[in-house]
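In: Build me a model:
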Amino acid sequence: MSKARLIITAVVVEGRSQAEVARTYGVSKGWVSKLVARYRAEGDAAFEPRSRRPYRSPSRTSSEVVDLIVRLRGELSGEGLDAGPDTIVWHLQHHHGIRVSPATVWRILKAAGLIQAQPRKRPKSSYIRFEAVMPNEMWQADFTHWQLANHEETEILSLLDDHSRYALSVTAHQRVTGPIVLTAFRTAISQYGEPASTLTDNGMVFTTRLAGGRGGRNSFETELARLGIIQKNTRPNHPTTIGKVERFQQTVKQWLRLQPPAATLTELQALLDSFVDIYNNHRPHRSLGRTTPTVAYTRLPKATPTGQPNSHYRVRQDIIGANGVITLRHAGRLHHIGVGRTHAGTPILLLIDTLNIRIINTTTGELLRQLTLDPNRDYQPQDKQNP
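Out: Have a look, this model is predicted:
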């Protein structure tokens with residue numbers, strides 16, 4: 001038997017006063033009076049437990065806003081864009097003039113069955129994050145693979161500002177090569193200025209660091225050295241070092257999967273251009289305090305290169321070919337240097353200081369030739385006056 005039934009019985013059946021019953025059962029006289037009044041009005045229904053839910057909830061989210069939140073979730077997900085609570089809050093505020101908390105949006109999505117728990121997901125606190133302090137302090141670059149509608153393989157090259165996540169360049173190619181990287185980098189510089197440093201993996205289009213240096217600097221490394229830009233590379237098998245551009249490429253692919261498949265490189269590039277506009281100008285970024293990369297990129301002064309153009313020193317052993325010529329790679333381009341047929345088969349030592357080259361007979365120590373390499377010529381002829 002419930003306490004409410006005991007109290008009502010004591011007053012109505014036993015005829016005891018409400019004050020006495022209140023003292024006996026340790027409750028307020030007001031509650032006893034309310035129970036008795038409810039019994040006389042409703043009969044036995046007064047014995048049933050009542051919900052404690054308030055009659056009115058002035059701060060409760062309206063059904064219109066709930067429907068809008070669910071609709072935004074579907075629209076953003078359908079476009080391949082982030083559709084988390086923080087992003088939905090940003091869209092509600094900027095496009096609909098509605099302010100709600102991320103926790104409220106999360107509860108609404110959870111109640112609608114649109115959020116599933118991910119207990120095995122690695123917590124964000126376990127990641128070690130770094131971020132450049134200023135725009136152009138560091139640019140990250142990488143490329144990834146993508147298939148056209150006919151399953152033809154292509155590659156997408158991306159340059160991203162580390163501070164703002166601003167997409168500087170996103171271009172589609174049949175295959176990313178060293179000259180393509182250099183062209184994209186120069187185009188980005190013409191639009192946004194020179195960065196203080198770059199960060200890439202150890203792909204041969206970015207660096208010859210793991211090639212033992214025999215091939216010299218490639219064209220991208222040569223350009224960085226010429227401009228005094230610091231070059232940084234990841235440790236082998238550590239892709240998380242360039243995690244920002246890696247994550248950006250995942251976002252690009254997620255968006256592309258929900259678009260009509262591109263049949264040509266031209267169509268793919270048009271899709272990428274559309275995505276870059278959305279990403280830079282209309283998509284809030286969680287790590288940027290829910291602002292857009294364009295805002296983050298333009299609100300602070302830009303960093304500039306602090307280094308000086310630096311030399312590249314190499315020492316190489318070789319043998320002069322039967323035609324009296326040796327080959328040397330500079331900035332990714334192969335050059336032929338004439339030494340003379342009389343020296344064919346001679347073992348030599350090449351002392352290389354960027355463009356200044358000395359060719360020495362390893363056996364006798366004789367200086368066979370000294371020259372300044374002309375990067376614009378494949379063949380470096382002998383100087384007839386000073387062979």
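
In: tell me how far stretch 67-74 is from the chain's mean position?
Out: Mean C-alpha position of stretch 67-74 versus that of the full chain (CA atoms, centre = their mean, to the nearest Å) differs by 26 Å.

In: Can you give the domain ranges for this protein?
Out: Segmentation of the chain into domains, based on automatic domain parsing, reads 3-47, 63-116, 131-298, 313-380.

In: Out of those domains, which one sits most buried?
Out: The highest average neighbour count among those, using mean count of other CB atoms under 10 Å, belongs to domain 131-298 at a mean of 18. No exception for glycine: its C-beta is placed from N, CA and C like everyone else's.

In: In three-state terms, how would Phe185 be classified?
Out: Using DSSP: H, G, I helix; E, B strand; the rest coil, the structure places Phe185 in helix.

In: What of Thr144?
Out: Assigned by three-state DSSP, the conformation of Thr144 is strand.

In: Out of the domains of the chain, the one nearest Thr306 is which?
Out: The closest of the domains of the chain to Thr306 is domain 131-298. By CB to CB, the value is 6.0 Å.

In: And that closest one, how far out from the chain middle?
Out: Computed by CA atoms, centre = their mean, the separation of domain 131-298 from the middle of its chain amounts to 10 Å.

In: same question, stretch 344-351
Out: Computed by CA atoms, centre = their mean, the chain-centroid distance of stretch 344-351 equals 48 Å.

In: got a list of contacts for it?
Out: Stretch 344-351 is touched from outside by 314-324, 326, 328, 339, 357-363, 368, with contacts defined as CB atoms under 8 Å, 6 or more residues apart in numbering.

In: The same query, at a cut-off of 10 Å, please.
Out: Residues from elsewhere that reach stretch 344-351 (CB atoms under 10 Å, 6 or more residues apart in numbering): 313-326, 328, 337, 339-340, 357-370.

In: for stretch 263-275, same thing?
Out: Here stretch 263-275 makes contact (CB under 10 Å, 6+ apart) with 80-81, 146-150, 152, 154, 156, 158, 167, 169-174, 251-252, 255-256, 259-262, 279, 283.

In: Would you state the helices of the stretch 201-350 of the chain in chain order?
Out: Along the stretch 201-350 of the chain, the segments classed as helices by DSSP state H, counting those that start in this stretch run 219-227, 243-257, 265-277, 293-298.

In: For the third one, list the C-alpha coordinates in PDB.
Out: What that stands for is helix 265-277. The C-alpha trace of helix 265-277 is given here as PDB (Å, rounded to 0.1, in the frame of the first residue of the first chain):
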ATOM      1  CA  LEU A 265      40.500  14.700 -65.600                       C
ATOM      2  CA  THR A 266      38.800  17.900 -66.600                       C
ATOM      3  CA  GLU A 267      35.500  16.800 -64.900                       C
ATOM      4  CA  LEU A 268      37.400  15.700 -61.800                       C
ATOM      5  CA  GLN A 269      39.200  19.000 -61.600                       C
ATOM      6  CA  ALA A 270      35.900  20.800 -61.800                       C
ATOM      7  CA  LEU A 271      34.600  18.800 -58.900                       C
ATOM      8  CA  LEU A 272      37.800  19.500 -56.900                       C
ATOM      9  CA  ASP A 273      37.400  23.200 -57.600                       C
ATOM     10  CA  SER A 274      33.900  23.100 -56.200                       C
ATOM     11  CA  PHE A 275      35.000  21.200 -53.100                       C
ATOM     12  CA  VAL A 276      37.800  23.700 -52.400                       C
ATOM     13  CA  ASP A 277      35.300  26.500 -52.500                       C
END
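
In: Thanks again, I'm all set now.
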